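1. Next come a sequence and a model predicted from it.
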Amino acid sequence: MPDTANPDSIDLDELIDEFDTAPARLTIDLGALADNWREMARSSGSARTAAVVKADAYGLGLEDCGTVLYKAGARDFFVAVVQEGVTLRTYAPDARIYVLSGVWPGQEALFYEHGLVPVLASEEQLAFWMSVTAEHGDHPCALQIDTGFNRLGLGLDEAIAFADDVSRPASFSPVLVLSHLQSGDTPNSPANEQQLQAFRRVAEAFEGIECSLSASAGIFLGPDYHFDLTRPGIAVYGGEAVNGVPNPMKPVATAEARIIQIRDAKQGETVSYGGTHRLTRDSRLAIVSAGYADGYMRALSGSGVPLRQTQGEGAFGFIAGHKVPVVGRITMDLTIFDVTDVPQNAIAAGDYIELFGHNIPLDDVARAGGTIGYELLTSLGLRYERRYIYPDD
Ligand SMILES: *Cc1c(COP(=O)(O)O)cnc(C)c1O
């Protein structure tokens, strides 16, 4: 123990074993990440499989995840914005990196310098990129077509007109045309078949150019949806891609938070802000060092939030073999779990509660907060101490 009465005696190096003492910590299993990507590649059949690493690899770290996915064999990557592409280039030297939000005037040098491929989505962007390549020389682009999402993309007729436009310079040709499914997570939605038919027309118009329609969920819809390149994201990170079926992917991220204090509370007392949870028995409460500032969002509270009036229980944690419920409102830095049912000698202050991971599925937590695993992962915030487990470790 450091001598706190005498600050000069504190050995700072000794205090820096952050993972074992972190208030909140995140373990990222990169072996599971690589296995999940390979599983997606197997499921993609004869199509090539990209890796979607936007938003700092779904919150899990672009550098480490990008490096491992590249080593696993990914050579096509999708990022959302150009800066993510610039960062990824260091870890994926000869990969093709697509930038989904396209390119703005002023950014073109970054695309040339780092060999990034803009995904163009409008007539204006096409015209801009054509003028850029006319001035600076050929540089690949991709084309996004909207087949029923009303997000980014050229309309179907616009796209087909562009494909057939004889006045377009012969050298100006996308290396990939892609579209995105609105309801891939719902296998029996008629929108899937409609978008598939529309995208087939696109593929025909752009004959000879690679085509991509499916993200994680679309891969599970079967070979018709695979085309030349698939674009899995969430499944690679262990999240649920398809509604209502067991998740076949390996969990990648485990979030844990430390118990700062265990307190006894009496039947009839209330818990946390607003006193919205009243104890129905004498209870033991674990006060844990993570809250909504750590992406353990307030909507996960056991009571006292609007969601609890319409939707079941709040989130659960896991400790010493027991699932334990969040009680009362989650606060900025602290969450209170009811650990009355955990044998008293099995836990102590300083122990860690799993927030999600192998015992508490990411998506169960997300559902308790009325959201999806994607949002939970990308909201984790900066306070977690992170440990990456590499496949060969
Ligand atoms: C985010 C995204 C993906 C990956 O989606 P997942 O559901 O995470 O697999 C693929 N394509 C596009 C265009 C995207 O925006």
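-> Happy to help now that I have it. Residues are numbered from 1 along each chain as shown.
2. and P140, that one's in a helix?
-> No. Secondary structure of P140 (DSSP: H, G, I helix; E, B strand; the rest coil): coil, not part of a helix.
3. Excluding sequence neighbours, find me the nearest residue to the residue of the chain found nearest the ligand.
-> Relative to the ligand, the nearest point of the chain is G233 (2.6 Å; C-beta to the nearest ligand atom). C-beta here means a position set from N, CA and C on the backbone, and glycine is covered the same way. Distance criterion C-beta to C-beta, 6 or more residues apart in numbering; nearest residue to G233, sequence neighbours excluded, is V52 at 3.4 Å.
4. Likewise for L355?
-> A255 (4.2 Å).
5. how close does that neighbour sit to T21?
-> When distance is defined by C-beta to C-beta, to the nearest Å, A255 is 16 Å away from T21.
6. higher neighbour count, the two?
-> Using other C-beta atoms under 10 Å as the criterion, A255 and T21 rank with A255 on top: 26 against 12.
7. Tell me the secondary structure at the more buried one.
-> Three-state assignment for A255 (three-state DSSP): strand.
8. What does the pLDDT read for it?
-> pLDDT, A255: 98.
9. CA-only coordinates of stretch 326-339 in PDB, if you can.
-> Listed next in PDB are the C-alpha coordinates belonging to stretch 326-339 (Å, rounded to 0.1, in the frame of the first residue of the first chain):
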ATOM      1  CA  VAL A 326     -29.800  -2.500 -11.500                       C
ATOM      2  CA  VAL A 327     -32.000  -0.800  -9.000                       C
ATOM      3  CA  GLY A 328     -33.200   2.800  -9.100                       C
ATOM      4  CA  ARG A 329     -31.800   5.400 -11.400                       C
ATOM      5  CA  ILE A 330     -28.400   5.100 -13.000                       C
ATOM      6  CA  THR A 331     -26.300   8.200 -12.300                       C
ATOM      7  CA  MET A 332     -23.500   9.800 -14.100                       C
ATOM      8  CA  ASP A 333     -20.600   7.800 -12.600                       C
ATOM      9  CA  LEU A 334     -22.300   5.200 -10.400                       C
ATOM     10  CA  THR A 335     -24.900   2.400 -10.700                       C
ATOM     11  CA  ILE A 336     -26.500   0.500  -7.900                       C
ATOM     12  CA  PHE A 337     -27.100  -3.200  -8.200                       C
ATOM     13  CA  ASP A 338     -29.100  -5.400  -5.800                       C
ATOM     14  CA  VAL A 339     -26.800  -8.100  -4.600                       C
END
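10. Report the contact partners of A293.
-> With C-beta atoms under 8 Å, 6 or more residues apart in numbering as the criterion, the residues that contact A293 are M332, D333, G381, R383.
11. what do you get if the cut-off is 6 Å, keeping everything else the same?
-> The contact partners of A293, by C-beta atoms under 6 Å, 6 or more residues apart in numbering, come to M332, D333.
12. In three-state terms, label K323 for me.
-> Relying on three-state DSSP, one would call K323 strand.
13. ditto for L60
-> coil.
14. In contact with the nearest residue to it once chain neighbours are set aside, which residues?
-> In this structure, L60 finds its nearest non-sequential neighbour in I28, 5.3 Å apart by C-beta to C-beta, 6+ apart. Counting by C-beta under 6 Å, 6+ apart, I28 makes contact with L60, A253, Y388.
15. Can you list the strands that the strand or helix carrying I28 pairs with?
-> Using DSSP states H and E, I28 sits within strand 24-29. Partners of strand 24-29 in the sheet, by DSSP bridges, are strand 253-265 (antiparallel), strand 385-389 (parallel).
16. Same list (these) but as CSV, adding distance to P223.
-> Output for the strands paired with strand 24-29, formatted as CSV (distance: least, C-beta to C-beta, whole Å):
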stretch, distance to P223
strand 253-265, 30
strand 385-389, 34
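17. out of those strands, deepest packed?
-> Scoring the strands paired with strand 24-29 by mean neighbour count under mean count of other C-beta atoms under 10 Å gives strand 253-265 as the most buried, with a mean of 19.
18. Helix or strand next in line after that one, which one?
-> Scanning forward in sequence from strand 253-265 by DSSP H and E, the next helix or strand is strand 270-271.
19. which residues touch that following strand?
-> H277, R278, V327, G328, I336.
20. Buried among these? Need that as a selection in ChimeraX.
-> Of the contacts of strand 270-271, the buried ones can be selected in ChimeraX as follows, counting by 16 or more other C-beta atoms under 10 Å:
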select :277,327,328,336
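21. Any part of stretch 93-104 near the ligand?
-> Yes. Stretch 93-104 reaches the ligand (C-beta under 6 Å from any ligand atom) through L100.
22. What are the contacting residues of that stretch?
-> Stretch 93-104 has contacts (C-beta under 6 Å, 6+ apart) with 75-82, 85, 88, 111, 116-121, 125, 142.
23. Of the residues you listed, which count as buried by neighbour count?
-> In the contacts of stretch 93-104, the ones that pass as buried (16+ other C-beta under 10 Å) are 76-79, 82, 85, 88, 111, 116-121, 125, 142.
24. Surely C65 is within a helix?
-> Yes. C65: assigned to a helix according to three-state DSSP.
25. What count of nearby residues applies to it?
-> For C65, using other C-beta under 10 Å, the count is 27.
26. hang on, the earlier thing: the residue of the chain closest to the ligand reaches A50, doesn't it?
-> No. Judged on C-beta atoms under 6 Å, G233 makes no contact with A50 at a distance of 9.3 Å.
27. re the thing from before, so the residue nearest to L355 sits right up against T27, yeah?
-> No. Using C-beta under 6 Å as the test, A255 is too far from T27 to be in contact (8.2 Å).
28. contacting residues for N36?
-> Applying C-beta under 6 Å, 6+ apart to N36 gives the contacts V236, M249, K250.
29. now the residues you listed: which count as buried?
-> V236, M249.
30. Name the nearest of the contacts of N36 relative to A41.
-> Nearest to A41 out of the contacts of N36 is V236 (C-beta to C-beta; 10.0 Å).
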